[in-house]
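Peer 1: starting from these lines, generate the structure:
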Amino acid sequence: MFKRLFCALALSVTSLHAAEVNTYAGKVDVAENPAKVAVFDIAALDTLTALGVSLSGVPENIYVDYLDHATKGVATVGNLFEPDFEAVNAMAPDLVVVGGRSSKQLKAMSEMAPTIDMTIWEDTVGQGLERLDAFGTIFGKGAEADALKAAFTDKLAHTKAALDGKGTALIVMTNGPKISAYGAGGRFDWLHTKLGLEEAVEGVEHSSHGEAISFEFIKEANPDILIVIDRLAAIGRPGESAATTLDNPLVAETTAWKKGDVVYLNAADIYIAGGGIQSMSRTLDAFLSAFSSS
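Peer 2: Numbering: from 1, shown residues only. Predicted coordinates:
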């Protein structure tokens with residue numbers, strides 16, 4: 001009863017100054033300039049921080065070190081999957097942001113406070129920029145959002161130009177000794193579609209965990225560029241590193257390995273905070289560092 005009453009009061013007060021924004025669940029009206037905001041999605045945390053928005057609640061482990069300064073001293077309200085309902089209730093936030101791993105909590109959180117689902121999934125860049133626009137609208141940061149979008153769009157164009165003519169690419173993710181591949185249409189689709197990188201292998205399975213592959217698969221694919229994401233490094237778990245896993249005679253026969261065109265992305269950036277405006281920009285930096293002068 002208390003939860004329903006709280007939510008109803010919050011909505012009735014804030015709806016006087018609401019803006020319609022795009023969310024993963026469609027267009028919704030959101031109160032402008034909410035004072036207390038709890039965030040459960042790292043991509044949202046990334047973009048809100050870039051806009052200069054102060055937060056009241058964040059997950060206990062954010063995994064990405066470039067956001068440490070933004071969460072220092074901020075109350076923890078659960079983790080990426082499960083909210084601490086008591087902490088959220090005590091905080092009485094004006095807005096809760098879920099997304100990705102926490103998207104299943106939309107209904108439960110909506111019973112406690114106005115909640116939006118800002119998941120980024122099918123179109124990392126498109127939805128990432130859409131979320132940037134939405135947050136700019138909600139927090140009165142439209143000019144800042146436009147500037148961030150312009151800077152990213154410019155960097156994306158420069159990165160695509162730097163990669164032009166560099167050949168085919170294969171995206172692999174290691175999980176200790178296990179390896180999976182991702183292609184266009186998959187979880188990291190934008191690395192192909194937005195950067196103009198031709199797939200070394202077409203028809204890779206479109207699974208959130210990728211298609212399990214072998215060293216022989218990588219050899220036969222023979223990519224000109226090998227893009228590597230280390231899942232264990234992303235989630236801070238011990239185990240065999242991507243560099244150790246891929247140090248294999250069959251992988252060494254590929255053009256990418258022979259040329260040294262193996263790009264080890266910051267795994268937490270793209271795996272945990274994928275679609276955040278800072279995350280996407282930092283990922284582009286990795287490619288620019290590897291290819292802008294080659």
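Peer 1: can you list the weak-confidence ranges in this protein?
Peer 2: By pLDDT under 70, the weakly predicted segments of the chain are 1-16, 293-294.
Peer 1: what about the longest helix in it?
Peer 2: helix 142-163 (DSSP state H).
Peer 1: outside of the next helix or strand after that one, which residues touch it?
Peer 2: Going down the chain from helix 142-163, the next helix or strand is strand 168-175, by DSSP states H and E. If you take CB atoms under 8 Å, 6 or more residues apart in numbering as the criterion, strand 168-175 is touched by 179-183, 186, 188, 191-192, 197-201, 210, 213, 218, 221, 223-232, 239-242, 245-246, 256, 271. For the C-beta atoms, the positions are set from N, CA and C on the backbone; glycine is no exception.
Peer 1: can you say which of those residues are buried?
Peer 2: 179-183, 186, 188, 191-192, 197, 199-201, 210, 213, 218, 221, 223-232, 242, 245-246, 256, 271 (16 or more other CB atoms under 10 Å).
Peer 1: is residue 271 in a helix, a strand, or coil?
Peer 2: Three-state assignment for residue 271 (DSSP: H, G, I helix; E, B strand; the rest coil): helix.
Peer 1: check residue 268 too.
Peer 2: helix.
Peer 1: report the contact partners of it.
Peer 2: The contact partners of residue 268, by CB under 8 Å, 6+ apart, come to 63, 64, 65, 233, 234, 235.
Peer 1: next, the second one: phi, psi?
Peer 2: So the one you mean is residue 64. Backbone geometry at residue 64, expressed as degrees, to the nearest 10, gives phi -100, psi 120.
Peer 1: for residue 220, see how far away it is.
Peer 2: 34 Å (CB to CB, to the nearest Å).
Peer 1: circling back to that earlier point, report all helices and strands that the longest helix of the chain contacts.
Peer 2: In terms of contacts (3 or more CB pairs under 8 Å, 6 or more residues apart in numbering; DSSP states H and E), helix 142-163 is packed against helix 124-138, helix 277-291.
Peer 1: dump those helices into a markdown table; add mean neighbour count and distance to residue 72 as well.
Peer 2: Output for those, formatted as a markdown table (neighbours: other CB atoms under 10 Å; distance: least, CB to CB, whole Å):
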| stretch | mean neighbour count | distance to residue 72 |
| --- | --- | --- |
| helix 124-138 | 21 | 21 |
| helix 277-291 | 20 | 17 |
